[in-house]
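> Next input, structure requested:
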Amino acid sequence: MRSLLLRVALAALTAGTPFPVPADAGDGQASMTCERIAIPGRVRCEVSAHVEGGETISWGDVVLVQVPPFAEALRGRIGPGDATVKEPSTWRWALALVARGKGSGEVQGRVRLVVCHDKTCLPRELPVAGQVVVGG
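Here you go, the predicted structure:
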């Protein structure tokens with residue numbers, strides 16, 4: 001049964017269809033931090049997602065939707081198998097950008113999760129953004 005719920009939730013996420021979320025569902029938090037570098041090259045970033053209130057994360061990924069014009073994403077999607085931390089209420093992913101020049105700008109993405117509370121699992125999407133700074 002849980003497998004079926006997970007597949008339905010994932011189908012709703014990938015189809016872009018709105019999926020009802022109970023009024024008492026927690027909000028969750030997501031954050032992105034990117035290292036500052038002095039010269040153009042590889043910029044490492046970390047994305048973290050956290051849920052509270054007895055919820056657990058059973059699946060998650062990160063999709064990058066916008067990068068600054070002076071940078072390029074090495075991958076646009078960082079999947080569940082690439083998570084560096086998979087604790088029941090916190091997942092983390094590492095990602096990298098390539099900066100072709102100096103500049104400052106925002107990288108934006110979405111953290112897509114399947115969050116379970118008791119035996120009910122629902123999709124949740126959290127916006128995430130981080131500042132990329134290359135040079136002085």
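> Which strands and helices lie in contact with the host helix or strand of V85?
Per DSSP states H and E, V85 falls inside strand 83-86. Contacts defined by 3 or more CB pairs under 8 Å, 6 or more residues apart in numbering; DSSP states H and E place strand 83-86 against strand 90-99. Every C-beta, even on glycine, is put in place using the N, C-alpha and C of the backbone.
> to the chain's geometric centre, what's the distance from stretch 107-127?
Chain-centre distance of stretch 107-127: 9 Å, with CA atoms, centre = their mean, to the nearest Å.
> Kindly report the same for stretch 30-49.
13 Å.
> Just the buried positions in that stretch, please.
Across stretch 30-49, burial judged by 16 or more other CB atoms under 10 Å covers A30, M32, C34, I37, P40, V43, C45, E46, V47, S48, A49.
> and the first one, what does it touch?
Looking back up the chat, that one is A30. Counting by CB atoms under 8 Å, 6 or more residues apart in numbering, A30 touches V47, S48, A49, H50, V111, L126, P127, V128.
> Disregarding flanking residues, what is the spatial nearest neighbour of A38?
In space, and not counting its chain neighbours, A38 is closest to G135: 6.5 Å by CB to CB, 6 or more residues apart in numbering.
> Tell me how far that neighbour lies from R112.
Look at G135 and R112: by CB to CB, to the nearest Å, they are 32 Å apart.
> Which member of the buried residues of stretch 30-49 is positioned nearest V62?
For the buried residues of stretch 30-49, the closest approach to V62 (CB to CB) belongs to V47, at 4.9 Å.
> Render the CA-only coordinates of the helix or strand containing that closest one in PDB, please.
For V47, the element it lies in under DSSP H and E is strand 42-50. C-alpha atoms of strand 42-50 as PDB (Å, rounded to 0.1, in the frame of the first residue of the first chain):
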ATOM      1  CA  ARG A  42      33.700  24.900  -9.700                       C
ATOM      2  CA  VAL A  43      31.200  26.300  -7.100                       C
ATOM      3  CA  ARG A  44      30.000  23.700  -4.600                       C
ATOM      4  CA  CYS A  45      26.500  24.100  -3.100                       C
ATOM      5  CA  GLU A  46      24.500  22.200  -0.500                       C
ATOM      6  CA  VAL A  47      20.700  21.800  -0.300                       C
ATOM      7  CA  SER A  48      19.000  20.700   2.900                       C
ATOM      8  CA  ALA A  49      15.400  19.800   3.500                       C
ATOM      9  CA  HIS A  50      13.800  19.300   7.000                       C
END
